[in-house]
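Peer 1: Kindly return the folded structure for what I paste below:
(4 chains, ligands or ions: 2)
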There are 2 protein chains.
Amino acid sequence: MSRGKLNVREPLLRRLPRYYRYLNELKNMEVKRTSSLELGERMGITSSQVRQDFNCFGGLGQQGIGYEVNALLGRIRKILGLNSRYKVIIAGVGNIGHSLASYSEAASEGFDILALFDVNPRLIGCSVNGIMIYDIDDMKEFIREKGVEIGIICVPKDRAQATADIMIEAGIKGIWNFADVDLYGPAEVVIENACLNDSLYTLTCRMNILQCF
Amino acid sequence: MSRGKLNVREPLLRRLPRYYRYLNELKNMEVKRTSSLELGERMGITSSQVRQDFNCFGGLGQQGIGYEVNALLGRIRKILGLNSRYKVIIAGVGNIGHSLASYSEAASEGFDILALFDVNPRLIGCSVNGIMIYDIDDMKEFIREKGVEIGIICVPKDRAQATADIMIEAGIKGIWNFADVDLYGPAEVVIENACLNDSLYTLTCRMNILQCF
DNA sequence: GTGCAATTGTTAAAACTTTAACATTTGAAT
DNA sequence: ATTCAAATGTTAAAGTTTTAACAATTGCAC
Ligand SMILES: NC(=O)c1ccc[n+]([C@@H]2O[C@H](COP(=O)([O-])OP(=O)(O)OC[C@H]3O[C@@H](n4cnc5c(N)ncnc54)[C@H](O)[C@@H]3O)[C@@H](O)[C@H]2O)c1
Ligand SMILES: NC(=O)c1ccc[n+]([C@@H]2O[C@H](COP(=O)([O-])OP(=O)(O)OC[C@H]3O[C@@H](n4cnc5c(N)ncnc54)[C@H](O)[C@@H]3O)[C@@H](O)[C@H]2O)c1
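Peer 2: Ligands and ions are numbered 1, 2, ... in the order given. Just a heads-up that it's a prediction; the model follows:
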């Protein structure tokens, strides 16, 4: 299942944000240059894998020398799509929605949260972190008018697919879903399910298996 | 039969919580019996994979018939470690910590959040969702005394590893980490990094690659 | 300049995961 | 009772991902 000219397969896609984090760390330590060996050791993966991964994007390093931290970081930023800014909205201003809206680093990372939406009349008209909460019925038009690219879903799980459908009809490009259910949409809309419970159950599963030894 | 040699590899481990969700859905629809074909179609995977997966745990189905939803669900609950109750604490009561503490379904899923911890003196002494916030300096003793099994880390990322180290010294069994950094510990402590940013960047990466067509 | 150590890019092998194939089991219809 | 369709368990093949190996390139010491 090819995803275009960049050949980013699933396992690499999951490693990319980690590369980004570790390279940022090196940058903050003012390290100018690194090697597949050093990076791999820090990240707990083989140097072979690091080289193989970076090679998917063409010659990012220099033989005999290594990789320039800044240049590599820039390239990966771009591949991750972090050189663009994104117009974002959040549907559902409960626990999770409120928390994400309050995350003040979002803007500095390129994510402009333009508005929040909810059904609860007590919330409509209020604001969180300076961002207004509107009636969910106005979401579709808002997405269309403002050209919103990313929708974050924080509604109860039985309302999640319906909320996603509205976003998709309005022309959203990507959906970040926190409801405890898989969402589906047409191929041109990217959907990332961030099921928190799945992650927690993975933890308890491993805790249980370890006890068997 | 004991679970002594459960052979749960990474990809299967990531699918298990999904099986759990979809089986729960079937149960709620009062479906008594299902097949690898039906389950696979719902989940978007092949029936072969479903059978192969379930076979890791021994004969969960019956040839010619299929799988009993309830029995299968029970078995997967157990494998995921969801038949036990867990004593849980949260370190860092900011946006995310507050949100998780307020998630009222946690207890019904078997996770008893006993206490919250923070450095902020304004927070210490307050409570969230009926759960007290204590001084982070008291966390170590609390874990020891109460036999806390799971620690959730919601502190800023530059304090995350130090916080994890304290939990580990106190004898915690598992750590669920929301700070935007990988945490490390000894092999007998299970650590699940739930880096939200990684998930978001995966989304933007796919949005960008799709545009290449 | 030459030789050497460091390190990438690239190819090949190994390991792992998924899919396909099929023999076997079951229950129901006749 | 026999046959058939449905469905699992299991084995084999195909596909994917990771690791290992090594030739090529670079900078540095002498
Ligand atoms: N909070 C957590 O710690 C946590 C953990 C795991 C999973 N989740 C999942 O995240 C999702 C949200 O959880 P939460 O704790 O924030 O829930 P919540 O109940 O606190 O918030 C849900 C919000 O959505 C609003 N809402 C309901 N229907 C809506 C609709 N049709 N359109 C717009 N808004 C609507 C509600 O008014 C409410 O404000 C749930 O699916 C939950 O299963 C949450
Ligand atoms: N909130 C989000 O939407 C979001 C999104 C992505 C990543 N994150 C990550 O999650 C983590 C927490 O984010 P947040 O938004 O909840 O932060 P926050 O600043 O709202 O909360 C952090 C809390 O930790 C407390 N704290 C600080 N040092 C502590 C220590 N040593 N011991 C105990 N408590 C301490 C602070 O007093 C504060 O209450 C961060 O690492 C952040 O990068 C958050």
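
Peer 1: Ligand 2 contacts on chain A?
Peer 2: Chain A comes close to ligand 2 at residues A:Ser99, A:Leu100, A:Tyr103, as judged by Cβ under 6 Å from any ligand atom. In short, each C-beta sits where N, CA and C put it, glycine included.

Peer 1: which residues of chain A score low on pLDDT?
Peer 2: Chain A contains residues with pLDDT under 70 at A:1-7, A:210-213.

Peer 1: so what are the domain limits for it?
Peer 2: What automatic domain parsing lists as the domains of chain A is A:10-79, A:86-198.

Peer 1: Need these in CSV (columns: distance to chain B and mean neighbour count).
Peer 2: Converted to CSV, those look like this (distance: least, Cβ to the nearest Cβ, whole Å; neighbours: other Cβ atoms under 10 Å in any protein chain shown):
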stretch, distance to chain B, mean neighbour count
domain A:10-79, 4, 16
domain A:86-198, 4, 18
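
Peer 1: could you dump those to JSON lines with distance to ligand 1?
Peer 2: Formatted as JSON lines, those follow (distance: least, Cβ to the nearest ligand atom, whole Å):
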{"stretch": "domain A:10-79", "distance to ligand 1": "21"}
{"stretch": "domain A:86-198", "distance to ligand 1": "2"}
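
Peer 1: Any chance of a markdown table for these, columns distance to B:Gly174?
Peer 2: Output for the domains of chain A, formatted as a markdown table (distance: least, Cβ to Cβ, whole Å):
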| stretch | distance to B:Gly174 |
| --- | --- |
| domain A:10-79 | 19 |
| domain A:86-198 | 15 |
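
Peer 1: between these, which gets nearest to DNA strand C?
Peer 2: Counting by Cβ to the nearest atom of the strand, DNA strand C lies closest to domain A:10-79 out of the domains of chain A; the figure is 3.3 Å.

Peer 1: For chain A, which segments count as strands?
Peer 2: Per DSSP state E, chain A carries strands over the ranges A:33-34, A:67-68, A:86-91, A:111-118, A:127-128, A:131-135, A:150-153, A:174-177, A:190-193.

Peer 1: For the ones you listed, give me a markdown table that also has distance to B:Lys146.
Peer 2: Formatted as a markdown table, the strands of chain A follow (distance: least, Cβ to Cβ, whole Å):
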| stretch | distance to B:Lys146 |
| --- | --- |
| strand A:33-34 | 43 |
| strand A:67-68 | 47 |
| strand A:86-91 | 36 |
| strand A:111-118 | 37 |
| strand A:127-128 | 34 |
| strand A:131-135 | 39 |
| strand A:150-153 | 35 |
| strand A:174-177 | 35 |
| strand A:190-193 | 34 |
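
Peer 1: Of these, give the one that comes closest to DNA strand D.
Peer 2: Nearest of those (Cβ to the nearest atom of the strand): strand A:33-34, 10.5 Å.

Peer 1: in its sheet, what does the closest one sit against?
Peer 2: strand A:67-68 (antiparallel) (DSSP bridges).

Peer 1: right, is the strand it pairs with up against DNA strand D?
Peer 2: No - judged by Cβ under 7 Å from any atom of the strand, strand A:67-68 makes no contact with DNA strand D; its nearest approach is 11.6 Å.

Peer 1: and that strand, how far from the chain's centre?
Peer 2: Distance of strand A:67-68 from the chain centroid (Cα atoms, centre = their mean, to the nearest Å) equals 25 Å.

Peer 1: Then stretch A:184-198?
Peer 2: Chain-centre distance of stretch A:184-198: 11 Å, with Cα atoms, centre = their mean.

Peer 1: Quick one: residues in contact with it.
Peer 2: A:161, A:164-165, A:168, A:172-178, A:180-183, B:14, B:17-18, B:21, B:109, B:194, B:196, B:199-200, B:202-203, B:206-207, B:210 (Cβ atoms under 8 Å, 6 or more residues apart in numbering or on different chains).

Peer 1: 6 Å instead?
Peer 2: A:168, A:174-178, A:180, A:182-183, B:17, B:199, B:202-203, B:206-207 (Cβ atoms under 6 Å, 6 or more residues apart in numbering or on different chains).

Peer 1: do the same with stretch A:151-165
Peer 2: Under Cβ under 6 Å, 6+ apart, the answer for stretch A:151-165 is A:89-92, A:96-97, A:167, A:172, A:175-181, A:183.

Peer 1: The closest residue to A:Arg144 other than its chain neighbours: what's it in contact with?
Peer 2: Closest residue in space to A:Arg144, ignoring its immediate chain neighbours: A:Ala170 at 5.2 Å, by Cβ to Cβ, 6 or more residues apart in numbering or on different chains. Contact partners of A:Ala170, counting by Cβ under 6 Å, 6+ apart, are A:Lys140, A:Ile143, A:Arg144.

Peer 1: Equivalent analysis for A:Leu13, please.
Peer 2: Taking Cβ under 6 Å, 6+ apart as the test, what A:Leu13 contacts is B:Thr202.

Peer 1: So it versus A:Thr34, what's the distance?
Peer 2: 22 Å (Cβ to Cβ, to the nearest Å).

Peer 1: Likewise for A:Pro121?
Peer 2: 54 Å.

Peer 1: How about A:Ala179?
Peer 2: For A:Ala179, the distance to A:Thr34 - Cβ to Cβ - is 39 Å.

Peer 1: quick one, what contacts the spatially closest residue to A:Lys32 that is not a sequence neighbour?
Peer 2: Distance criterion Cβ to Cβ, 6+ apart; nearest residue to A:Lys32, sequence neighbours excluded, is A:Val69 at 5.9 Å. By Cβ under 6 Å, 6+ apart, the contact list for A:Val69 reads A:Leu23, A:Leu26, A:Lys27, A:Val31, A:Lys32, A:Thr34.

Peer 1: Let's have these in CSV, adding distance to DNA strand D.
Peer 2: Formatted as CSV, these follow (distance: Cβ to the nearest atom of the strand, whole Å):
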residue, distance to DNA strand D
A:Leu23, 18
A:Leu26, 20
A:Lys27, 21
A:Val31, 16
A:Lys32, 13
A:Thr34, 15
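
Peer 1: Mind checking which of those residues are in helices?
Peer 2: A:Leu23, A:Leu26, A:Lys27 (DSSP state H).

Peer 1: quick one: contacts for the last one?
Peer 2: So that's A:Lys27. Shown in contact with A:Lys27 (Cβ under 6 Å, 6+ apart): A:Val69.
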